[in-house]
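Chemist: missing the sequence, but the structure's below:
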Ligand code: QAP
Ligand code: CO
């Protein structure tokens, strides 16, 4: 297994749209395993392939306290069940140090392939529903800061750019 580099906002590569996975093979399983290792090490609860500069529709999530319930979603899609929006305080490994309130539908129906290429179809609500929508956004080049005001987004961008300059 290997730790992957996580791209940080405002890296333009986070804006690329990921392509569907055409075959769930060993290379995809290795990518998912490396993404899980990278997410656990961060530590985080969700990571999309876009964040590690791979333009493929692969997402990993683990909401468990013990970090022993990995969810691998390949070509994930969702449909809104309950259009009522709920607020959630979101963060992102690509926007380290910033947490802001975002509104999203609370209940969704998810379809995806698992790590063996088997079709999954399930309902999600609460944090899982938020996390899946957040990660699918990444695959479409979208970040949670896009839901904030221009002013808030620019402030976050400036602070992260400054941090990146002092790291370089
Ligand atoms: C997405 O985010 C998410 O700022 C996953 O300094 C988060 O794993 C969806 C993290 C919240 C819904 C609600 C963030 C780690 C991890 C940071 C994460 C940080 C270190 C974020
Ligand atoms: Co994120």
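Modeler: Yep, that arrived. Predicted model only: the values in this text are computed from it and were never measured. Residues are numbered from 1 along each chain as shown. Ligands and ions are numbered 1, 2, ... in the order given.

Chemist: just for this structure, where's the confidence low?
Modeler: Applying pLDDT under 70 to the chain flags no residue at all.

Chemist: residue of it nearest ligand 1, please.
Modeler: For the chain, the residue closest to ligand 1 is residue 44, as judged by C-beta to the nearest ligand atom, at 2.7 Å. Glycine gets a C-beta too; all of them are placed from N, C-alpha and C.

Chemist: wait, what's in contact with that residue?
Modeler: Applying C-beta atoms under 8 Å, 6 or more residues apart in numbering to residue 44 gives the contacts residue 93.

Chemist: stretch 160-168 vs ligand 1: in contact?
Modeler: No - shown here: stretch 160-168 not in contact with ligand 1 (C-beta under 6 Å from any ligand atom), separated by at least 10.6 Å.

Chemist: residues contacting that stretch, please?
Modeler: Looking at stretch 160-168 with C-beta under 8 Å, 6+ apart, the contacting residues turn out to be 8, 9, 10, 95, 96.

Chemist: go with 6 Å
Modeler: residue 9 (C-beta atoms under 6 Å, 6 or more residues apart in numbering).

Chemist: may I see the buried residues of that stretch?
Modeler: For stretch 160-168, the neighbour count (16 or more other C-beta atoms under 10 Å) marks residue 160 as buried.

Chemist: for stretch 84-101, same thing?
Modeler: Residues 88, 90, 91, 92, 93, 94, 95, 98, 100 are the ones in stretch 84-101 that count as buried (16+ other C-beta under 10 Å).

Chemist: can you get me a residue count around residue 3?
Modeler: With neighbours defined by other C-beta atoms under 10 Å, the count for residue 3 comes to 12.

Chemist: returning to that earlier point: so the residue of the chain closest to ligand 1, which of the three states?
Modeler: Three-state call for residue 44 (DSSP: H, G, I helix; E, B strand; the rest coil): coil.
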